[in-house]
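In: 3D model of this:
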Amino acid sequence: MYRALFCLVCLTLLPALAQELPQERRPGAVLNRPMQAAIAAEQEVREVERARFRRAFTQAYKAFPSVPEGLLEALAFVNTRWEHLQPHPLDASHHHMPQAHGVMGFYNGLNGFGDTLGQAAEALGTTVEAVRADPETNIMAAAALLQQYLEDAGLEDAPLEDLASVITRFSGLPQARGKTGRFAHDSYTYDVLLTLDRGHDDHGILIQARDIDFTRAFSPENLHLMKAPFIHMDPERDMLQIPGYKMNPTEQTIEPDGSNLDPQGKAAVDYSGALWVTSPNYSNRSLSISAVTVHTVQGSYAGCISWFQNTASQVSAHYVVRSSDGQITQMVLEQKKAWHVGSENSYTVGIEHEGYVSSSSWYTTAMYNASAALTADICDDNGIDPTDTYAGVAHSGVTLLSSSYKVKGHQHYPNTTHTDPGIYWDWSGYYNLINGTGGGTTTVLDDFEASEGHFYTSPTYSGSTTGVSSSSTAVRTTLTEHAGSYSEQIKLVDNSSSSGSWNVRFLSGAGSTGNNTSLTVSGGKVGFWVYTGSTSMTAALAMDDSDGTERSTSKSIPANTWTFLEWNLDNSSQWNSWYGGNGALTASTVSLDAIWLYHPNTSYTVYVYIDDVTYTN
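Out: Sure, this is the predicted structure:
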């Protein structure tokens, strides 16, 4: 009791204690000060809006009880990142792609997309204009439409993973034709289910994490394409028995085993990390490739892919990048001219990024990492100097930049009216990612200023976590921070049915190598700042190596002070074998798997704060 009271006092005093802590940022931070200020101002407004949305979600579930709790929030997150979109009907969207309306992201039936806006208004018994204009009505209409869809399909009491057809119908995407046409539908449904599986606790809206069985929603082939996680999998289920597929235990994903691959049916992509979905909208180049154009979709990943497959759209890009995990789809071969930047198409490669220029929430660490690696590869293949990437301040409008910049935004080219990627694109951070982190510099992998970065799952998401309850959470907070305005608060709640010590594997990139930044071992160090009001807590790191996952020695966390913990990647005495591996980081490059937190069993809740996860070389 006294210890619990002591912790409560510590938490009360945290803001005052934080003011006494040094606020300097280590060199190499991704977000510069103007970007931090812009995002902080944006998020103040968003938090007020989302309190209003949260109340509306609660009322919608009461009015339409067949709709599973969490589904409305997940659909809104995937469609709009909880932004009440108000496009003007006369405005031309990016590449004339159909525009989404309201916080739920309805379409109005134009250009082959479904009229979910009209259907939702009819389901609620109100007008289209009311659904478009008022966020509460928009959310209530979504619940009415979902309940109608559930009743039509006879799925009122079905588990979430059986609702794929309902989720796809709600998307409003054009009717799928063939395997490539279905890819956009599957991508959308997967993103919604993944949001429910991971959970999300940010900006005042909570989606409780739950165990989604992806094998009920997708075939093994599609699970491989979607890069679906299997971290919740029951260890007694033998997924290795799926014909033609195997489990990758390190990545915890499903992969082809090579027995059923059709060499003639597999398209060759220019970038090894990309999936292939062809667009018919391309022509021959008249010039060699000498530049890369950065775009923002002004819509969803799935919607963009679907739109680029439409011959009537007369637009395309070479690549599309997903926000949630950085998945890349190639739609036009680089040797061909995609139609994405008007008069400058002949010499550029176009990369579309899921999201809207009005919201920083779309520009995740996973997206930046994936996009930068892709851009670096394009530069290397085509003799483009990556240091010719623009690294200045972000712009909100059309701003013509010199042709000496070879990697820049759509808004920076001549003869355009487009303003993407906009005011929240971090050009200096993008430049650093493209050009590497050599020369004795420190790069902040995650500073939690704009988003949770790589740490977007709850502390109970991994099957390796023991001793804590499923009600444990991880969320960005302004309660205290090492630097900037935010840190990541990890709330650890005891599992009363267990007397074991707490071992918490707080995943980076959902524990998948492909979702994390590649780090050079030689001379490299990885560390993070940590704060807790509790005693007896220690921490460690896990790194994905070429032969498995190695875990570091643990270090103590002093109570009531920000402490920087760091491990040398090339010092074998600091590493032990955890899953496979040999107790040393033997590959030339590795990636961060997780931060481990340890605490003796206790009945009281413990709060831990993490900030500025860094790599130094």
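
In: can you list the buried residues in the helix or strand where Met367 lies?
Out: Assigned by DSSP states H and E, Met367 belongs to helix 365-382. Buried residues in helix 365-382, defined by neighbour count with 16 or more other Cβ atoms under 10 Å: 365-379, 382. Using the backbone N, CA and C atoms, a C-beta is placed for each residue, glycine as well.

In: list just the nearest of those to Ser554.
Out: Taking Cβ to Cβ as the measure, Ser554 lies nearest Thr365 of the buried residues of helix 365-382, at 25.5 Å.

In: chain neighbours aside, what residue packs nearest to that closest one?
Out: Spatial nearest neighbour of Thr365, chain neighbours left out: Gly453 (3.8 Å); criterion: Cβ to Cβ, 6 or more residues apart in numbering.

In: mind checking what secondary structure the one you found has?
Out: Classification of Gly453 using DSSP: H, G, I helix; E, B strand; the rest coil returns coil.

In: so who does it touch?
Out: 364-365, 445-447, 613 (Cβ atoms under 8 Å, 6 or more residues apart in numbering).

In: Ala474 too?
Out: Neighbouring residues of Ala474 by Cβ under 8 Å, 6+ apart: 201, 452, 455, 457-459, 488-491, 506.

In: could you do Trp362 as well?
Out: 81, 296, 323, 353-356.

In: related to what we said a few turns ago, what is the lowest-pLDDT residue among the contacts of Gly453?
Out: Ranked by pLDDT, the contacts of Gly453 bottom out at Thr365, which scores 81.

In: and it, what does it touch?
Out: By Cβ under 8 Å, 6+ apart, the residues touching Thr365 are 445-446, 451, 453-454.

In: just Met543 next, same as before
Out: Contact analysis of Met543 by Cβ under 8 Å, 6+ apart lists 526, 549-552, 569, 575, 585, 590-593.

In: then Ser471?
Out: By Cβ under 8 Å, 6+ apart, the neighbours of Ser471 are Val493.

In: ok, now Asp213?
Out: Shown in contact with Asp213 (Cβ under 8 Å, 6+ apart): 159, 161.

In: what does the pLDDT read for it?
Out: 86.

In: how near is it to Ser343?
Out: Plainly put, Asp213 is 50 Å away from Ser343 if you go by Cβ to Cβ, to the nearest Å.

In: hey, where'd the helices end up in the stretch 401-550 of the chain?
Out: For the stretch 401-550 of the chain, applying DSSP state H, counting those that start in this stretch gives helices covering 427-435.

In: where in the stretch 401-550 of the chain is pLDDT low?
Out: Residue ranges of the stretch 401-550 of the chain with pLDDT under 70: 437-440.

In: for the chain, which segments count as helices?
Out: Using DSSP state H, the helices of the chain run over residues 2-20, 33-63, 71-80, 116-124, 128-133, 135-153, 164-171, 178-198, 214-217, 220-226, 301-308, 365-382, 427-435.

In: most tightly packed of these?
Out: Neighbour counts (mean count of other Cβ atoms under 10 Å) averaged over each of the helices of the chain peak at helix 301-308, with a mean of 28.

In: that helix to helix 365-382, inter-axis angle?
Out: When axes from the mean of the first three to the mean of the last three Cα atoms, to 10 degrees is applied, the directions of helix 301-308 and helix 365-382 differ by 40 degrees.

In: which strands and helices sit next to helix 301-308?
Out: helix 178-198, strand 319-321 (3 or more Cβ pairs under 8 Å, 6 or more residues apart in numbering; DSSP states H and E).

In: run the last query once more with 6 Å
Out: With contacts taken as 3 or more Cβ pairs under 6 Å, 6 or more residues apart in numbering; DSSP states H and E, helix 301-308 sits against helix 178-198.

In: wait, His412 sits on Leu401?
Out: Yes - contact criterion Cβ atoms under 6 Å: His412 and Leu401 qualify, at 4.1 Å.

In: of those two, which one has the most company?
Out: Neighbour tally, His412 and Leu401, criterion other Cβ atoms under 10 Å: the higher count belongs to His412, 23 against 15.

In: of the contacts of Met543, which belong to strands?
Out: 526, 549-552, 575, 590-593 (DSSP state E).

In: switch the residues you listed over to CSV; also include distance to Leu75.
Out: Below are these laid out as CSV (distance: Cβ to Cβ, whole Å):
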residue, distance to Leu75
Val526, 36
Thr549, 34
Glu550, 39
Arg551, 38
Ser552, 39
Trp575, 43
Val590, 36
Ser591, 31
Leu592, 31
Asp593, 30
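
In: can I get those in JSON lines including distance to Val131 and neighbour count?
Out: Shown next, in JSON lines, are these (distance: Cβ to Cβ, whole Å; neighbours: other Cβ atoms under 10 Å):
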{"residue": "Val526", "distance to Val131": "48", "neighbour count": "23"}
{"residue": "Thr549", "distance to Val131": "48", "neighbour count": "21"}
{"residue": "Glu550", "distance to Val131": "53", "neighbour count": "27"}
{"residue": "Arg551", "distance to Val131": "51", "neighbour count": "20"}
{"residue": "Ser552", "distance to Val131": "53", "neighbour count": "24"}
{"residue": "Trp575", "distance to Val131": "56", "neighbour count": "26"}
{"residue": "Val590", "distance to Val131": "49", "neighbour count": "23"}
{"residue": "Ser591", "distance to Val131": "44", "neighbour count": "22"}
{"residue": "Leu592", "distance to Val131": "44", "neighbour count": "25"}
{"residue": "Asp593", "distance to Val131": "44", "neighbour count": "27"}
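
In: now flag whichever of the residues you listed is closest to Arg50.
Out: Minimum distance to Arg50 across those is 29.7 Å, recorded for Leu592 (Cβ to Cβ).

In: mind checking how far that closest one is from Ala302?
Out: For Leu592, the distance to Ala302 - Cβ to Cβ - is 29 Å.

In: likewise Thr457?
Out: Taken as Cβ to Cβ, the span from Thr457 to Ala302 is 22 Å.

In: same check, this time on Leu155
Out: 21 Å.

In: in stretch 466-485, what's buried?
Out: Buried-residue list, stretch 466-485, by 16+ other Cβ under 10 Å: 467-468, 470, 472-477, 480-485.
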